[in-house]
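Visitor: I'll drop the sequence and a predicted model, then ask my questions.
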Number of protein chains: 2
Amino acid sequence: MLTRSEEDHIKAVYALLQEDDSAFTKDIAERLHTKASSVSDMLKKLADKGHLKHEPYYGVKLTAKGHALALQLVRKHRLWETFLVERLGFGWDEVHEVAEQMEHVASEKLIDKLDNYLGHPSFDPHGDPIPDRHGRIRARRTKRLSACQQGDTVRIAAVSGTTDGLLRLLDAKGLRIGTVLNVQEVHAFDGSMDVKPKSGSAFSLSKDVSHHLQVENA
Amino acid sequence: MLTRSEEDHIKAVYALLQEDDSAFTKDIAERLHTKASSVSDMLKKLADKGHLKHEPYYGVKLTAKGHALALQLVRKHRLWETFLVERLGFGWDEVHEVAEQMEHVASEKLIDKLDNYLGHPSFDPHGDPIPDRHGRIRARRTKRLSACQQGDTVRIAAVSGTTDGLLRLLDAKGLRIGTVLNVQEVHAFDGSMDVKPKSGSAFSLSKDVSHHLQVENA
DNA sequence: AAAAAAGATTAGACTAGTCTAAAAAACGGG
DNA sequence: CCCGTTTTTTAGACTAGTCTAATCTTTTTT
């Protein structure tokens, strides 16, 4: 059995590897609001337990065991988020912190029944894929909106690396998972872009925003 | 904010006071599968925080603050049990341990939304009352089946102090919340009694069982 | 290439919670 | 009412996890 802190560290490593293909002590510490020295200790422990490989100064990789575990944690987190939004009526900007607690409830049976109750969803309220009980993820080819060109027409597939503030900003602009956008113009000097939703008038998005929007061709 | 361990201790005190009108160090320790010395420490801490009064050697009483807190924990526990049984399809003998974990998730909003989602239930799957958000409990006048006399006709209202084994035994005998029974005979030498469900044939219940069944007049 | 900066680890202290063992307090039967 | 048992508390040790401060390694800058 793993402690909550151990699970948190594994999840942080997994998330960083997804985003950056690398996970360093300091980044893990930052994500967990803790100090590098604490992370250093914990990495040694998790390496001993066989969940990850830690080359000091060269970063962390998950073992197969650690990777499978991370996927189960992600699965739990995203299923609970789905439950909170679809069944309890939470806003998509309110659920992260609560799901963070629920994901540490330990019961295989609970998660399988929850999955079943929700109808085996493939994506959570932020558009992120939900691993199935074997850790399999529904494949999609998405790119960042910030990587799109003038003239592209794309559908919002997911909002990644979400902060509650970003989600509320998207709400305010009427942007949702599934919203179809046409890229009207990209401004070189600050990376901002003007986009026009299928219905509605055009507006501008900063690079900070477009960077976090995963889109697929529409 | 209270730790999980602190919450567990307050809940144990509350439960013992309900059952026995008294809560002693050793009983709390037994209930929490811990040692009296650990409980002694924790009682001092909780007394300092103002959740309870601890007269060494004379037992523990909850303060108004501690009592309110215990009721909120009971509320959370029973709402989650209700969710697990009614929505996820767990058996009533499978939910205690999982609810024990879920009740420590901290979010007022979550509990209120869950309560709403479940339709503000007044009783959980074991027939125990669910405090409302203000800590109020629906009053009933129940007694133990073991206290009933020959000839009494009663309805099962709750199964208290539940162990999973007892619940499965009741399942096997077809006894549920709401089942109406007639007491046919009470045997003095071992306290067992013969009961007859409204539909079906009579059978015998040991005192161990009848002691845990809360009934009301039918 | 040396110095400075950034990042990581180690060493040592502290907290919370638990335990065992021993001492203290209360209780109960002769 | 006194001795032995039960219950409770205290004392001291241990673990897990965290922190700060100091040291070590790597990278960057000049």
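Guide: That came through fine. Numbers count the residues shown, from 1 in each chain, chains lettered A, B, ... in the order given.
Visitor: Near DNA strand D, which residues of chain A? Just list them.
Guide: Within chain A, the positions adjacent to DNA strand D are A:3, A:5, A:6, A:33, A:34, A:35, A:37, A:38, A:41, A:42, A:45, A:57 by CB under 7 Å from any atom of the strand. Where you see a C-beta, it was placed from the backbone N, CA and C, and this is true even at glycine.
Visitor: which among these gets closest to DNA strand C?
Guide: Of all the residues of chain A next to DNA strand D, residue A:37 has the smallest distance to DNA strand C: 3.0 Å, by CB to the nearest atom of the strand.
Visitor: any chance of the residues of chain A next to DNA strand D in a markdown table, with pLDDT too?
Guide: What follows is the residues of chain A next to DNA strand D, written out as a markdown table (pLDDT from 0 to 100):
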| residue | pLDDT |
| --- | --- |
| A:3 | 96 |
| A:5 | 97 |
| A:6 | 97 |
| A:33 | 97 |
| A:34 | 97 |
| A:35 | 97 |
| A:37 | 97 |
| A:38 | 98 |
| A:41 | 96 |
| A:42 | 97 |
| A:45 | 97 |
| A:57 | 87 |
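Visitor: Which one (most neighbours) among those residues?
Guide: Using other CB atoms under 10 Å in any protein chain shown as the neighbour test, the residues of chain A next to DNA strand D are led by residue A:42, with 23 neighbours.
Visitor: got a list of what that residue touches?
Guide: Counting by CB atoms under 8 Å, 6 or more residues apart in numbering or on different chains, residue A:42 makes contact with A:5, A:6, A:9.
Visitor: Recalculate using a threshold of 10 Å.
Guide: Counting by CB atoms under 10 Å, 6 or more residues apart in numbering or on different chains, residue A:42 touches A:3, A:5-6, A:8-10, A:12, A:25, A:28-29, A:32, A:34, A:54.
Visitor: Sticking with it, tell me its helix or strand.
Guide: Element membership of residue A:42 [criterion: DSSP states H and E] is helix A:36-48.
Visitor: what about that helix and DNA strand C, any contact?
Guide: Yes: on the criterion CB under 7 Å from any atom of the strand, helix A:36-48 is in touch with DNA strand C at A:36, A:37, A:39, A:40, A:41, A:43, A:44.
Visitor: and DNA strand C, which of the contacts of residue A:42 contact it?
Guide: Within the contacts of residue A:42, those near DNA strand C by CB under 7 Å from any atom of the strand are A:25, A:54.
Visitor: Can you report how many residues neighbour the closest residue to residue A:38 other than its chain neighbours?
Guide: Ranked by CB to CB, 6 or more residues apart in numbering or on different chains and with sequence neighbours excluded, the top spatial neighbour of residue A:38 is residue A:29, at 7.0 Å. The local packing of residue A:29 (other CB under 10 Å) involves 19 other residues.
Visitor: which secondary structure elements does the strand or helix carrying residue A:29 contact?
Guide: If you go by DSSP H and E, residue A:29 is part of helix A:25-31. Under the contact definition 3 or more CB pairs under 10 Å, 6 or more residues apart in numbering or on different chains; DSSP states H and E, helix A:25-31 sits against helix A:4-20, helix A:36-48, strand A:59-62.
Visitor: which parts of the shortest one are buried?
Guide: Going back to what we said before, that points to strand A:59-62. A:59, A:60, A:62 (16 or more other CB atoms under 10 Å in any protein chain shown).
Visitor: Centre of the chain to it, how far?
Guide: 19 Å (CA atoms, centre = their mean, to the nearest Å).
Visitor: Could I have the ChimeraX command that selects the buried members from the residues of helix A:36-48 next to DNA strand C?
Guide: The following ChimeraX line selects those of those that are buried, judged by 16+ other CB under 10 Å:
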select /A:39,43
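Visitor: how about JSON lines for the residues of helix A:36-48 next to DNA strand C, with distance to residue B:127 added?
Guide: Shown next, in JSON lines, are these (distance: CB to CB, whole Å):
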{"residue": "A:36", "distance to residue B:127": "53"}
{"residue": "A:37", "distance to residue B:127": "52"}
{"residue": "A:39", "distance to residue B:127": "48"}
{"residue": "A:40", "distance to residue B:127": "52"}
{"residue": "A:41", "distance to residue B:127": "48"}
{"residue": "A:43", "distance to residue B:127": "49"}
{"residue": "A:44", "distance to residue B:127": "50"}
